[in-house]
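Student: give me the fold of what follows.
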Amino acid sequence: MFDVKRVAIIGAGPCGLAAAKYLTAQKAFASIVVLEQQAEVGGVWNYSPRASQTLHVPQVSASIPPDPPLQSSQATAAPVFPSPMYDVLHTNIPRALMRYSDLAFPGDSLIFPSRDTVHDYLVTYAKDIRHLIRFSTQVQDVRLRRGEDGRDRWLVRTLSLGSGETATETYDAVVVASGHYSITHVPEIKGISKFHKAWPGVISHSKLYRNPKPFRNKKVVVVGNAASGLDIAAQISRVCAKPLLLSVQTATPPANLAHVGAEEVPVIEEFLVGEKGLRFQNGRVEKDVDTVVFATGYLFAFPFLASLKPPLITNGRRVHGLYKHLFYIDHPTLVFPGLPIKVVPFPFAESQAAIFSRTWANLLPLPPAAEMKKWEDEEAERKGPSFYVWPKGADAEYINSVHDWIARSGTAGKEPPYWDAELIWERQVYFEAKLKFEKEGCTAKSLKDLGFEY
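Tutor: Residues are numbered from 1 along each chain as shown. Take a look at the predicted model:
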């Protein structure tokens, strides 16, 4: 049985906001506090016109300090933390799927909303829980204090970025919704360190990208063909020296490669300092390269949880010790929503929030610790390095199964989302629809406008 009365939520991004909504609706907790280091909600969608000034080359360890805030031009303005969002960005997901279950996007929104539309949407979604949020408050340390009476508590130390004052408060449960788009992943490749030292500014990461202007007439290589890699490559290829080279591990779908306007090349095998160049795995050499943009993702990092043993993070590729990618097995009053990738994030966050809200209210039981650990071990064995990569359609199955499971637990709390047959169809076609949306100038407001009709 849980005895949860006071809950801290770290982060007011999409997962943190969903957590606050569902915990509040449960009406089982005396205090809910959201701790957010930015001055506004939105998390990764909280765009900063200036990019991060920090880049480590290579970067294969999560054991580094997070990016410092960007200096504000106004002395009284709140610190701004750099976002990976760039100037022109649309979701990869149609708005009917992207939305939370209780708030639709504005009816005149693009079918694939722009980043500023999504941020405005999140600000609107947060209105009724805004009083719970402490802005410009950075979490510095979270540690478990075991009580002699059997009542364990989490000590959370925070720093007010306005006053500079620190405070420590006690909570019964903690939701870690701090996101995972902070620590960049730049792989270790032969010669990369010497190259970066000899040619500073050539190597970059998608987190630092804002627009294609700096790449005009430059010889550019983009590394990675996931969503951001293809999107950024398509923007740069319109202005850079032809052809833009796209370095990949697995082949890009031909239609997407044609839209990007790039030439596909293999993985980089070596950086060549003297030639300011690259050698690829097929032996091809490119000299006098102006820019290499790594769109190679991010590492998981929770520096405020360094006291937990064994460590949650080893190489930054996964979070250890979790049941169902969510509950900390050693003490399930700590949860980590939003870890799986290739899922539709907002409704997925709602489903997870519905689970831990009801679990902490003692409406949904957890299995014994040994069984939870067995699940994690078997999942790691089954999925290997693709631990958090969900297959296409798995999020739909998860969302609907959670809805049905919650329905059987009673009516208390907020109802999680459910996808009907049309939404599941949208989930199946949105990859092709997004490509057509891009080809037709990013103006469509419905799937029907793009020729996709249910």
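Student: hey, let's count contacts and neighbours off CA atoms from now on
Tutor: Fine.
Student: what mean pLDDT does the top helix by length along the chain have?
Tutor: Counting residues, the longest helix found in the chain (DSSP state H) is helix 421-439. Across helix 421-439, pLDDT averages out at 97.
Student: all numbers from here: first residue = 215
Tutor: With the count now opening at 215, the last piece we talked about shows up as helix 635-653.
Student: list of residues touching that helix?
Tutor: Residues from elsewhere that reach helix 635-653 (C-alpha atoms under 8 Å, 6 or more residues apart in numbering): 306-308, 310-311, 326, 470, 473, 606-607, 610, 657-658, 661, 664, 666, 668.
Student: if you set the cut-off to 10 Å instead, what comes out?
Tutor: 304-308, 310-311, 324-326, 445, 448, 469-470, 473-474, 557-558, 606-607, 609-611, 632-633, 654, 656-668 (C-alpha atoms under 10 Å, 6 or more residues apart in numbering).
Student: just those: which are in helices?
Tutor: Those of these mapping onto helices are 310, 311, 445, 448, 469, 470, 473, 474, 609, 610, 611, per DSSP H.
Student: give me the buried subset of those residues.
Tutor: The neighbour-count criterion (16 or more other C-alpha atoms under 10 Å) marks 310, 311, 445, 448, 470, 473, 474, 609, 610 among the ones in helices among the contacts of helix 635-653 as buried.
Student: mind listing what's buried along the helix or strand hosting residue 236?
Tutor: Counting by DSSP states H and E, the element that carries residue 236 is helix 228-240. Within helix 228-240, the residues scored as buried using 16+ other C-alpha under 10 Å are 228-240.
Student: can you put those residues in JSON lines and add pLDDT and distance to residue 217?
Tutor: Below are the buried residues of helix 228-240 laid out as JSON lines (pLDDT from 0 to 100; distance: C-alpha to C-alpha, whole Å):
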{"residue": "228", "pLDDT": "98", "distance to residue 217": "26"}
{"residue": "229", "pLDDT": "98", "distance to residue 217": "23"}
{"residue": "230", "pLDDT": "98", "distance to residue 217": "21"}
{"residue": "231", "pLDDT": "98", "distance to residue 217": "23"}
{"residue": "232", "pLDDT": "98", "distance to residue 217": "22"}
{"residue": "233", "pLDDT": "98", "distance to residue 217": "18"}
{"residue": "234", "pLDDT": "98", "distance to residue 217": "18"}
{"residue": "235", "pLDDT": "98", "distance to residue 217": "20"}
{"residue": "236", "pLDDT": "98", "distance to residue 217": "17"}
{"residue": "237", "pLDDT": "98", "distance to residue 217": "14"}
{"residue": "238", "pLDDT": "98", "distance to residue 217": "16"}
{"residue": "239", "pLDDT": "97", "distance to residue 217": "17"}
{"residue": "240", "pLDDT": "97", "distance to residue 217": "14"}
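Student: from those, which two are the most distant?
Tutor: 228 and 240 (18.6 Å; C-alpha to C-alpha).
Student: now the helix or strand harbouring residue 585, how far from the centre of its chain.
Tutor: Using DSSP H and E, residue 585 maps to helix 583-597. On the basis of C-alpha atoms, centre = their mean, to the nearest Å, helix 583-597 sits 24 Å off its chain's mean C-alpha point.
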